[in-house]
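[1] Sequence and predicted structure, then a few things I'm wondering about:
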Amino acid sequence: LNDSYCFCLRDYVPQDAGINQVLFTDPIDLDDENQIVSDLTCIGIVGIQDPVRPEVPHAIQRCQRAGITVRMVTGDNINTARSIAIQCKIISPGSDFLILEGPVFNEKIRDENGVIKQELIDQIWPSLRVLARSSPADKYNLVKGIIESKLSKNREVVAVTGDGTNDGPALRKADVGFAMVTRFKSCLTVASVKSQGIAGTDVAKEASDIILTDDNFTSIVKAVMWGRNVYDSIAKFLQFQLTVNFVAVIIAFLGACAIEDSPLKAIQMLWVNLIMDSLAALALATELPGEELLSRKPYGRKKPIISRTMMKNIIGHGLYQLTVVLVLIFAGDKIFDIDCAIGRPGVPTQHFTLVFNCFVLMTLFNMFNARKIHGELNVFEKLFTNRLFCGIWLSCIVLQIVIVQAGGYVFSTVPLTSHQWLWCIFFSVGELLWGQVVAAIPSSKLPRQMEFGAGDVQEIPLQGFEPLEPDILSIQCQDRSATGLWHWSVGRIQTKIRVVEAFREGVSPDTTMARNQFLRTSLQKLQSWHSGHKSGVVANGPSE
């Protein structure tokens, strides 16, 4: 059970007192809590459970498989928190993971002078899975401690979910803050796992980076999958584009130096750039995320965008294409028994048309190799699930045939024979076979100097949240939350008064006046009660 309530009764009668009745002659002092809650008779105890959504345990297991450690930080008591954690598969019965209460955690992370020490936090957080009865400061200190930990070479990346005002500091401090807009009480976790409705506070939304509009924990798993998929899509496109640039630039440079002419004309280079930029981006960046993304470890914060595997593919495929093209430029006329185009600038020839056609076809077939950036051998895996890729690739093939066979002086091409087309296809299919050879080379044996794109991460300073002391933070957050709730309640009552007045316009004036006076009197009493109650709360400090 998440909450339990005990309903009790005590009669106040203005006459002789009977059993369980109290005689009173003076007005009851409703501000005297001790007097009101004494001599009560229990009517019943009601337990309220906030059940775990059916899809949450599976989603948490998927997170764990993806290398994400899920921790639950909640204000519930430790028994409730342990039960929910077991239901959600955060921990298993009999596991030796730590389950602590907020006061115990707050005591363990401080030295004898009451100062928080990072080395003390490092002794706790690796095995901590559940933190119960936690305050906003406990949540913040846990997130801050994990982020600033030096236990591993790579800094931990922390994501936090929250739904209330008290979660604001932790959401702001985290690398990624998810606002779970809920109408139930806050349960902040690196995975919030309770069933939640759609309401939420503006404070959590402002402090977060991502707002989950469907209010579902499984959306975090989807966000992880799409995040990794976007990273992979960018890497695929870069791998393909750099390979094309590597070959095209060297061909243009060697052509200008050796034969004083470019084998690839300006209009042909525009077509290559169209394939390389726009069409390749659409084809390679539209891969849908799959479950295999969750089977890999998360990318590090400083991971190079161009890995050793990618650089191996760029250089390997670039050398293959460059070798074929250079052989065709300097020996293609002899191999195919055609007129040599060297020394004939501005005249379309079969020789340079063969070079252009072979280069474009090898580039198109290399798009299959570019779909894999982690050394996978099956480059056709899930190919037909991406219809846009297939459509773009087939369209490029058709357009290439039209350009070669009917481009003429516009594209500086001469129609090729079927024999020459077969050789171009042969060299292009060789790209796929050569890709298997390149993939067989172990990337771990390559020097780390082949990686590019790594950089330092700049931390964004947090203003207004540091330093945070537990008592001060609890008072501020709870008082702010109570004030907001009070204004919301008063606004609701005022709205109801206006609605009643609108519906009572057709009723007699005396009746309408009496009802309005009654509602206004009730509102004034509520406001008076709030003033006295608020001063008492501030004086007594935060309550659980």
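    Received it, and whenever you're ready, just let me know what you need.

[2] in this structure, which ranges drop under the pLDDT threshold?
    Scanning the chain for pLDDT under 70 picks out the ranges 1-2, 12-28, 181-201, 455-544.

[3] care to break it down by domain?
    When the chain is parsed with automatic domain parsing, its domains come out as 3-48, 56-216, 232-450, 470-540.

[4] now the end-to-end length of the second one.
    Criterion CA to CA, to the nearest Å; first-to-last residue distance in domain 56-216 is 8 Å.

[5] next one: the third one
    As for domain 232-450, its first-to-last residue distance stands at 18 Å under the measure CA to CA.

[6] Do a quick rundown of the helices in the stretch 1-150 of the chain.
    33-36, 56-65, 78-87, 102-108, 118-122, 136-147 (DSSP state H, counting those that start in this stretch).

[7] any chance of those in TSV, with distance to Val355 and mean neighbour count too?
    No exception for glycine: its C-beta is placed from N, CA and C like everyone else's. Listed next are the helices of the stretch 1-150 of the chain as TSV, based on distance: least, CB to CB, whole Å; neighbours: other CB atoms under 10 Å:
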stretch	distance to Val355	mean neighbour count
helix 33-36	92	10
helix 56-65	49	18
helix 78-87	65	19
helix 102-108	69	17
helix 118-122	61	16
helix 136-147	55	25
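
[8] Could I get those helices in a markdown table, plus columns for distance to Leu254?
    As requested, the helices of the stretch 1-150 of the chain are arranged in a markdown table below (distance: least, CB to CB, whole Å):
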| stretch | distance to Leu254 |
| --- | --- |
| helix 33-36 | 91 |
| helix 56-65 | 49 |
| helix 78-87 | 65 |
| helix 102-108 | 66 |
| helix 118-122 | 57 |
| helix 136-147 | 51 |
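
[9] Which of these sits closest to Asp214?
    When the helices of the stretch 1-150 of the chain are compared by CB to CB, helix 56-65 sits nearest Asp214, at 12.7 Å.

[10] The closest one to helix 78-87, inter-axis angle?
    If you take axes from the mean of the first three to the mean of the last three CA atoms, to 10 degrees, helix 56-65 sits at 70 degrees to helix 78-87.

[11] Which residues does helix 56-65 contact?
    Contacts to helix 56-65, defined as CB atoms under 8 Å, 6 or more residues apart in numbering, come from residues 70, 87-90, 191, 193, 217-218, 220-221, 224, 291, 294-295.

[12] all helices for the stretch 151-300 of the chain, in order.
    168-173, 202-207, 218-254, 266-274, 280-284.

[13] hey, which of the ones you listed is tucked in deepest?
    Ranked by mean neighbour count, the helices of the stretch 151-300 of the chain are led by helix 168-173 with a mean of 27 (mean count of other CB atoms under 10 Å).

[14] CA atoms of that one as PDB?
    What follows is helix 168-173 as a C-alpha-only set of coordinates in PDB (Å, rounded to 0.1, in the frame of the first residue of the first chain):
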ATOM      1  CA  GLY A 168      13.200  21.100  -9.600                       C
ATOM      2  CA  PRO A 169      16.800  21.200  -8.200                       C
ATOM      3  CA  ALA A 170      17.600  17.600  -9.100                       C
ATOM      4  CA  LEU A 171      16.000  18.000 -12.600                       C
ATOM      5  CA  ARG A 172      18.100  21.100 -13.200                       C
ATOM      6  CA  LYS A 173      21.300  19.400 -12.000                       C
END
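
[15] circling back: just the domains of the chain: most buried one?
    Taking mean count of other CB under 10 Å, domain 56-216 is the most buried of the domains of the chain, at a mean of 19.

[16] and that domain, how far from the chain's centre?
    Centroid separation for domain 56-216 versus its chain: 16 Å, with CA atoms, centre = their mean, to the nearest Å.

[17] Can you tell me which residue is spatially central in this structure?
    Ala223 (4.0 Å; CA atoms, centre = their mean).

[18] Spatially nearest residue to that one (excluding sequence neighbours)?
    Ile210 (6.6 Å; CB to CB, 6 or more residues apart in numbering).

[19] and the gap between that neighbour and Val158?
    14 Å (CB to CB, to the nearest Å).

[20] For these two, list the residues in contact with both.
    Taking CB under 8 Å, 6+ apart as the contact rule, Ile210 and Val158 both touch Val176.

[21] which residues does the residue nearest to Ala223 form a beta bridge with?
    When bridges are called by DSSP bridges, Ile210 pairs up with Phe178.

[22] just checking, Ile147 touches Val158?
    Yes: with contacts counted by CB atoms under 8 Å, Ile147 reaches Val158, the gap being 5.4 Å.

[23] rewinding a little: for the helices of the stretch 151-300 of the chain, give me CSV that also has distance to Lys382.
    CSV is the format used below for the helices of the stretch 151-300 of the chain (distance: least, CB to CB, whole Å):
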stretch, distance to Lys382
helix 168-173, 36
helix 202-207, 36
helix 218-254, 12
helix 266-274, 26
helix 280-284, 13
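
[24] which one of those helices lies closest to Val360?
    helix 266-274 (6.5 Å).

[25] Could you list every helix and strand in contact with that closest one?
    Applying 3 or more CB pairs under 8 Å, 6 or more residues apart in numbering; DSSP states H and E, we find helix 266-274 packed against helix 218-254, helix 350-370, helix 408-411.

[26] Quick one: those as CSV, columns for distance to Leu128 too.
    CSV is the format used below for the helices and strands packed on helix 266-274 (distance: least, CB to CB, whole Å):
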stretch, distance to Leu128
helix 218-254, 20
helix 350-370, 42
helix 408-411, 66
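
[27] Would you tell me which of those helices gets closest to Thr417?
    helix 350-370 (8.4 Å).

[28] helix or strand right after the closest one?
    Next in sequence after helix 350-370, counting helices and strands by DSSP states H and E, comes helix 387-406.

[29] Which strands or helices does that next one pack on?
    Going by 3+ CB pairs under 8 Å, 6+ apart, helix 387-406 lies up against helix 280-284, helix 350-370.

[30] All good on my end, thank you.
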